[in-house]
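In: when you get a sec, could you give me coordinates for this:
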Amino acid sequence: MLGGVILWDGGVAHLSACPAQQMAFLAVNGGSTILPAWFWYGLTGLGDAAVLMPALALLTLRKPQAWAAVVASVPTAALMSVLGKHWSAVARPAAVLDASSFTLIGEALRYNSFPSGHSITVFAAAAAVL
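Out: Residues are numbered from 1 along each chain as shown. Sure, this is the predicted structure:
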């Protein structure tokens with residue numbers, strides 16, 4: 001993931017405490033340049049509720065109960081994201097590493113990297129549809 005690598009230590013996720021974690025992030029981030037930036041922008045966009053919800057509306061036309069589950073899962077996912085970010089207060093790579101050392105998609109955010117709002121949105125939608 002280009003936005004950050006999450007590794008656990010004592011129940012709290014962080015990137016800054018261990019040089020090995022920083023090296024792992026830089027290796028994954030560097031390897032991601034195999035694919036063009038537009039691919040990563042598109043993939044990131046799929047985790048945005050404003051993009052994902054209309055796409056799911058098309059997929060759930062035949063099953064209205066699935067659409068209701070998707071709509072009901074959004075507030076829960078948003079609450080989980082906000083509370084998780086408040087609880088963990090994890091810095092993003094742009095706050096820890098030199099910005100010239102890695103590829104960044106979008107603006108350089110510095111705080112609240114965990115839990116990933118994009119991941120929570122995608123998993124909430126997938127669980128509702130399944």
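In: low-confidence ranges, the chain, go.
Out: Residue ranges of the chain with pLDDT under 70: 1-17.
In: can you show me the helices along it?
Out: With helices called from DSSP state H, the chain shows them at 19-31, 37-46, 49-59, 64-88, 93-96, 117-129.
In: report the buried residues of the fourth one.
Out: It stands for helix 64-88. Ala66, Trp67, Ala69, Val70, Ser73, Val74, Ala77, Ser81, Gly84, Lys85, Ser88 (16 or more other C-beta atoms under 10 Å). For every residue, glycine as well, the C-beta is placed using N, CA and C.
In: chain center to it, what's the gap?
Out: How far helix 64-88 lies from its chain's middle: 14 Å, per C-alpha atoms, centre = their mean, to the nearest Å.
In: what is it packed up against?
Out: helix 49-59, helix 117-129 (3 or more C-beta pairs under 8 Å, 6 or more residues apart in numbering; DSSP states H and E).
In: next, the angle from that helix to helix 49-59.
Out: Orientation check (axes from the mean of the first three to the mean of the last three C-alpha atoms, to 10 degrees): helix 64-88 against helix 49-59 gives 160 degrees.
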